[in-house]
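Colleague: here is my input, please return the structure:
(one chain, ligands or ions: 2)
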Amino acid sequence: MRNKPIANVNADLLKERKNCSFDIEELTNLIDGGKNQTARRREIENMLLKNMPFDIIPEECLSAKEKYENAVRKSVALNKIGVELVSQVTKAKELSDLTLTLRRVSDAYFREVTPFLLHLGMFIPTILGQCSDEQVAHWLPLAMQLKIIGTYAQTELGHGTFIRGLETTATYDERTEEFVLNSPTLSSSKWWAGGLGKTANHCIVVAQLYTKGECYGTHPFIVQIRDMDTHMPLKGLKVGEIGPRLGFQTADNGFLVFDNFRIPRDSLMMKHAKVLKDGTYVKIARHSKLTYGTMIFVRVLLVSEMAFNLSKAVTIAVRYSAVRRQSELKPNEPEPQVLDYLTQQHKLFISISTVYAFQFTSNWLMKTYHTVQANMKHGNTDALPELHALSSCLKAICTSDCSAAIEQCRFACGGHGYMISSNLPSLYAFTTATRTYEGDYTVLLLQTARFLVKTWEQVELGNAVTPMVAYLARHQNREAWDESPEGIIRAFEAIAAGVYQTESVRSVSFGQSDAIKDVMKQLSDLYLLYWSLERTGDLLTTLKSTLGSYDGRVYERLMEEALKSPLNQEPVNESFHNEPEPQVMDFVSQQHKLFIGIASYYSYSMTALWLWDILTKVTSELGVGKTDRLPESHGRAVFMSVFNSEMEKSVSSLSAPLQAVLRQLVELYLYYWTLEKRGDLLLVLQSTLGSYDGRVYERLMEEALKNPPNKEPVNESFHKYLKPFIQGKL
Ligand SMILES: CCCCCCCCCCCCCCCCCC(=O)SCCNC(=O)CCNC(=O)[C@H](O)C(C)(C)COP(=O)(O)OP(=O)(O)OC[C@H]1O[C@@H](n2cnc3c(N)ncnc32)[C@H](O)[C@@H]1OP(=O)(O)O
Ligand SMILES: Cc1cc2nc3c(=O)[nH]c(=O)nc-3n(C[C@H](O)[C@H](O)[C@H](O)COP(=O)(O)OP(=O)(O)OC[C@H]3O[C@@H](n4cnc5c(N)ncnc54)[C@H](O)[C@@H]3O)c2cc1C
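Modeller: Numbering: from 1, shown residues only. Ligands and ions are numbered 1, 2, ... in the order given. Take a look at the predicted model:
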């Protein structure tokens, strides 16, 4: 059943909805995956809406501590219902639909994120992907019923991207059949894990595994970190909250430091490798990177997350644009809806088509992921490198595009879009982090490039490659395409566009009406055209350059092109007889180049005179050999102050017009360098990362320890909400 229409809807919005060329319900079914899925989603939504507590005071008006406690309260209530619903589900497909619905509806309760995000998004998936069957049987029910709450601690203060460089050690002690966890340096402190600061009592820790004196690289361990009854951190580890950040403020991201912390042998997650009781290391995996599996899964998930978050932002911006009226186009006529401005449509429509591009690609990517997983169960890891390259590439591009598009949506809402209550700032803060976490943008694109270059080598050798990259061979036959970075980027755009085009056409090819097909086709075309225009340079099959031509006939081509110019089609231009051509001096850009030169000349002359006076004094005091070169900023300050003061002294006797000109030159010099060097001028950087002494890790830890949540070892919300919930007494 459809949701009931709401009374008192803005007339402009009603008008826009009335103008819709297709049946909205039909499109809703398409997005949900069918009529039944829409009905089920609404059933769950309605149930949650009836039972969930909403905020009385807006989340953003609370203190950091109150925000966290409020987030725990709501998470516990939501997950109580979630656990109940999950227990009724029997089929895998139903479970994934349910999880998706819960994830979507949870956003109605959290402007920020739930402290359970990592438990649901990474802890449970890692149990499924990295544990042996016996370990899954033990840990999964505990995690699914939230009897334990976990997180994923891989990143350290010193390393996030370069996983092989992680420093935390897990050394096997065969006498006690335990691993001993240690953080040997400050930079090895675990940092960032969501939910670690205050909430989690378990944690997946990625550490370098040592046994019998050998290091076998990074491996995941499942580790209890807090007492199940008192919630106090266990002896041998230091754990806390890392401090305020741009978004994720209720995710209680944390740090964790080990000091000879002992864990049982079977804490090692043993799907891909084992350590026997006597300390023998046994490799099970057929592919060395299978321990990176959770990251691939989350990268795949993030494509759909971006579709969802952008869909919210663009819905907000489109609705508001229909309601908002601004400016007077024609005297005495009503102000137009801002939605009617073409420039506004330009901001919004590309975001709408991007949402669909992401969603269709995400559906396809998830299917591909499951196919590769199923093959791997039978020992076939052939498709893993391509899945890694593809998920890396799509994750990087969609997270980057999504935060840029959300920023556009904020611009589209003018000043009101800057209000926290518009939700656009929170959506931006959430999505911009996704460009960094789960693999930084640049780093993931480089992983994709690595795969593509290897594929290219195969193509050149005439070997078969997978269908997804077969176009490389086609390109090679058709034209002299190069393997330059531009070529690689272009190829990946072709992949993304191709997937979207074929998937959207495939998805709308059954059952749907012509009206929906038309709209989807328009959106698809818009997406392709937009990116063709954005990347025109990459799409040009020759370089279109007189200077960079393959045959090097630079001068011939320059002359050929010159002769084609329309100006050369007539021997004397009519402006000869009419208006004179402007002097280049009249161009502002030319003045910019010249005037600063003039100002500098005066500055140097004044400073030279002044410097001459003191030079002898300085050299005799310090000795010429000992004087260091003045740092640039010091020199600049000297030029400015001398120029300023010496000019004042010398101009007083000059005529007023000349004084004015010279004063303007002083101002120009000062303003120019103020703008050029504004980075250096920020004397108080107030930054843990940019301090003069470079003590980055020390300062990050010092700041984290000052953090109010770390003043109490256990937050009161544990006793009030978490403990009764975990123990089933709520
Ligand atoms: C209410 C209901 C709620 C429901 C829940 C729904 C939740 C939804 C949302 C989820 C949100 C989750 C929040 C997550 C928060 C953030 C968590 C994190 O950041 S956690 C932290 C995330 N941290 C990061 O993401 C760290 C990023 N860094 C990395 O991933 C790696 O260090 C690396 C890939 C950059 C390099 O690794 P390195 O070992 O140095 O490798 P080399 O470069 O030397 O290449 C050697 C070879 O390996 C190959 N290969 C590489 N990877 C893979 C792979 N995965 N596979 C296969 N192959 C792979 C590579 O291609 C190459 O092959 P070849 O050419 O030789 O044939
Ligand atoms: C909100 C948030 C939540 C997080 N949650 C978790 C969590 O729950 N668990 C967890 O383990 N981690 C978590 N992280 C950490 C996250 O995974 C890392 O921050 C991320 O992987 C980037 O690594 P880094 O911080 O070491 O960046 P760096 O690698 O230090 O990147 C700094 C710069 O160096 C560049 N760079 C680095 N390497 C290369 C290279 N090889 N080539 C070219 N350029 C390079 C990058 O492009 C970037 O510009 C979280 C981070 C954030 C922001």
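
Colleague: so who does the residue in the stretch 151-300 of the chain positioned nearest to ligand 2 touch?
Modeller: Nearest to ligand 2, among the residues of the stretch 151-300 of the chain, is Gly160, at 2.4 Å (Cβ to the nearest ligand atom). From N, CA and C alone the C-beta is placed, and that goes for glycine too. Applying Cβ atoms under 8 Å, 6 or more residues apart in numbering to Gly160 gives the contacts Gln154, Trp192, Asp440.

Colleague: highest neighbour count among those residues?
Modeller: Gln154 (24 neighbours; other Cβ atoms under 10 Å).

Colleague: that one against Arg164, yeah?
Modeller: No. Gln154 is beyond contact range of Arg164, at 11.8 Å (criterion: Cβ atoms under 8 Å).

Colleague: report the central residue of the protein.
Modeller: Centroid-nearest residue in the chain, with Cα atoms, centre = their mean: Arg435, separated by 1.6 Å.

Colleague: how about it, nearest residue that isn't a chain neighbour?
Modeller: Take Arg435 and drop its neighbours on the chain: the residue closest to it by Cβ to Cβ, 6 or more residues apart in numbering is Thr399, 4.4 Å away.

Colleague: report the distance from the helix or strand that the one you found is a member of to the chain centre.
Modeller: Thr399 is located in helix 384-412, with elements delineated by DSSP states H and E. Remark: helix 384-412 is offset 7 Å from the chain centroid, using Cα atoms, centre = their mean, to the nearest Å.

Colleague: return the residues of the stretch 51-200 of the chain in contact with ligand 1.
Modeller: 82, 99, 102-103, 106, 117, 120-122, 152, 154-155, 160-164, 194 (Cβ under 6 Å from any ligand atom).

Colleague: what's the neighbour count on Thr230?
Modeller: Thr230: 12 neighbours (other Cβ under 10 Å).

Colleague: just Ile350 next, same as before
Modeller: Using other Cβ under 10 Å: Ile350 sits among 21 other residues.

Colleague: next, the buried residues of the host helix or strand of it.
Modeller: Here Ile350 sits within helix 342-377, counting by DSSP H and E. By 16 or more other Cβ atoms under 10 Å, the buried positions in helix 342-377 come out as 344-345, 347-366, 368-369, 372-373, 376.

Colleague: and that helix, what does it pack onto?
Modeller: helix 293-323, helix 384-412, helix 485-507, helix 514-534 (3 or more Cβ pairs under 8 Å, 6 or more residues apart in numbering; DSSP states H and E).

Colleague: may I have the shortest one as CSV, with CA atoms only?
Modeller: Yep, that's helix 514-534 we're talking about. In CSV, the C-alpha atoms belonging to helix 514-534 read as follows (Å, rounded to 0.1, in the frame of the first residue of the first chain):
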residue,chain,number,x,y,z
ASP,A,514,7.5,3.5,-21.9
ALA,A,515,7.3,6.6,-19.7
ILE,A,516,9.8,5.1,-17.2
LYS,A,517,12.0,3.8,-20.1
ASP,A,518,12.1,7.3,-21.6
VAL,A,519,13.1,8.9,-18.3
MET,A,520,15.8,6.3,-17.6
LYS,A,521,17.1,6.7,-21.1
GLN,A,522,17.3,10.5,-20.7
LEU,A,523,19.1,10.1,-17.4
SER,A,524,21.5,7.6,-18.9
ASP,A,525,22.2,10.0,-21.9
LEU,A,526,22.6,12.9,-19.6
TYR,A,527,25.2,11.0,-17.5
LEU,A,528,27.1,10.0,-20.6
LEU,A,529,26.9,13.4,-22.3
TYR,A,530,27.8,15.3,-19.1
TRP,A,531,31.0,13.2,-18.6
SER,A,532,31.8,13.4,-22.3
LEU,A,533,31.8,17.2,-22.0
GLU,A,534,33.6,17.2,-18.7
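
Colleague: any idea of the angle that helix forms with helix 384-412?
Modeller: If you take axes from the mean of the first three to the mean of the last three Cα atoms, to 10 degrees, helix 514-534 sits at 90 degrees to helix 384-412.

Colleague: next, the buried residues of helix 514-534.
Modeller: The neighbour-count check on helix 514-534 (16+ other Cβ under 10 Å) flags Ile516, Val519, Met520, Leu523, Ser524, Leu526, Tyr527, Leu528, Tyr530, Trp531 as buried.

Colleague: closest to ligand 2 out of these?
Modeller: Trp531 (22.9 Å).

Colleague: quick revisit: please verify my assumption that the residue nearest to Arg435 contacts Gly439.
Modeller: No. Thr399 lies out of contact with Gly439 (Cβ under 8 Å); the separation is 9.5 Å.

Colleague: thinking again about what came up before, any idea of the mean pLDDT in the helix holding Ile350?
Modeller: In this model, helix 342-377 has a mean pLDDT of 91.

Colleague: got the angle for it vs helix 293-323?
Modeller: 160 degrees.

Colleague: number the residues from 107 up from this point.
Modeller: With the count now opening at 107, the last piece we talked about shows up as helix 448-483.

Colleague: for Arg371, see how far away Pro350 is.
Modeller: Note on Pro350: its distance to Arg371, by Cβ to Cβ, to the nearest Å, is 39 Å.

Colleague: correction: the previous question concerned His522.
Modeller: 58 Å.

Colleague: neighbour-wise, which of these two wins?
Modeller: The neighbour count for His522 versus Arg371, taken as other Cβ under 10 Å, is higher for Arg371 (18 against 12).

Colleague: how near is the more buried one to Tyr316?
Modeller: With Cβ to Cβ as the criterion, Arg371 and Tyr316 are 13 Å apart.
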